[in-house]
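*Asks:* Build me a structure from this.
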Amino acid sequence: MGFKTFMAYYWFSRYLESTWFIWISQMNHIPMHIDYDQNMDWVSTQVQATCNVHQSLFNDWFTGHLNFQIEHHLFPTMPRHNFWKAAPLVKSLCAKHGVEYKTKTLLTAFADILHSLKDSGEHWLEAYLHG
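*Replies:* Modelled structure (predicted):
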């Protein structure tokens, strides 16, 4: 393999990696409704600022355990492979205090990104072309 072929493979892998990272990191954040400060405590704010994607062997592997985004926000230094252990405790704590603990399927999370992009595009169109 020559240098040009190596660079082609390198940049192609970087493209795939960055595309994957954007979808995985945004599926838990973008569709959440946190557009203004609601004067909540820190834990409630973290739980409502994100959501989880259902646990499965595939989802855990594909997302690098970031399908447990709520636990990631609450315990950012916890090793990701342990989030599933904390999830039932966090879920029960949320139920006890009336804080919604949101989970969704992987496909729903990806669809939410597309809906959010569509909504943003419509707002832009309205503001700049019809405003």
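
*Asks:* Would you map the strands across the chain?
*Replies:* With DSSP state E, the ranges of strands along the chain come out as 52-53, 103-104.

*Asks:* Please identify the most buried of those strands.
*Replies:* strand 52-53 (a mean of 24; mean count of other Cβ atoms under 10 Å). Backbone N, C-alpha and C define where each C-beta goes, glycine included.

*Asks:* What lies in contact with stretch 110-124?
*Replies:* Defining contact as Cβ atoms under 8 Å, 6 or more residues apart in numbering, one finds that stretch 110-124 is touched by 23, 26, 27, 30, 31, 104.

*Asks:* Tell me which residue is most central in the protein.
*Replies:* By Cα atoms, centre = their mean, the chain has its centre lying nearest to residue 28, at 2.2 Å.

*Asks:* and the residue nearest to that residue when sequence neighbours are not counted, what does it touch?
*Replies:* Nearest-residue entry for residue 28: residue 69, 3.6 Å, with adjacent residues in sequence omitted and distances by Cβ to Cβ, 6 or more residues apart in numbering. Taking Cβ under 8 Å, 6+ apart as the criterion, residue 69 is in contact with 28, 29, 50, 51, 52, 53.
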